[in-house]
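Enquirer: build the 3D model from these lines:
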Amino acid sequence: MNPVINNILNNIPKTVTNELFQTLFSNHSIKIERIISQGQCSPIENWYDQAQDEWIIVLEGQAELIFEHDSPIISLKSGDYLLILAHTKHRVHWTHPEIKTIWLAIHIFPTESDHE
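Expert: Got it, this is the predicted structure:
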């Protein structure tokens, strides 16, 4: 079997009018996706409240996240990464409007052994 080699920085659209989510790999315990943003952010009243942990890294660009309960804004630039634990309410506060922000997000789903 010959492995198929892809590049996460290939096939970036010239314009991003809506945030773009692309699943690169998925199975019962993990989902890896590329997200491309350009000026998009979460609506103020919408908080992500995910059942899984999410590890994110900004590969290119700039973004800001905010967590519920008046936490400070988290500024992210190329190379910055963090782990967002399950049910930690957060939203994208800002992404750079003039350059694309390329994220890699790894969603780690709970398993039966996590509940023991």
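Enquirer: let me know the pLDDT of the residue nearest to His28 when sequence neighbours are not counted.
Expert: Spatial nearest neighbour of His28, excluding adjacent residues (C-beta to C-beta, 6 or more residues apart in numbering): Phe109 at 7.0 Å. In short, each C-beta sits where N, CA and C put it, glycine included. Note on Phe109: pLDDT of 95.
Enquirer: wouldn't Phe109 be in contact with Ser26 here?
Expert: No - counting by C-beta atoms under 8 Å, Phe109 stays clear of Ser26, with 9.7 Å between them.
Enquirer: of the two, who's got more company?
Expert: Phe109 (16 against 12; other C-beta atoms under 10 Å).
Enquirer: and the gap between the more buried one and Ala86?
Expert: For Phe109, the distance to Ala86 equals 9 Å [C-beta to C-beta, to the nearest Å].
Enquirer: for Pro97, give me its contacts.
Expert: 38-39 (C-beta atoms under 8 Å, 6 or more residues apart in numbering).
Enquirer: any idea how far it is from Asn2?
Expert: On the measure of C-beta to C-beta, Pro97 and Asn2 end up 41 Å apart.
Enquirer: swap in Asn10?
Expert: 19 Å.
Enquirer: circling back to that earlier point, which residues do Phe109 and Ala86 both contact?
Expert: 51-52.
Enquirer: for this structure, give me the ranges with low pLDDT.
Expert: Within the chain, the segments meeting pLDDT under 70 span 113-116.
Enquirer: let's see that with 90 instead.
Expert: 1-2, 15, 44-45, 69-71, 111-116 (pLDDT under 90).
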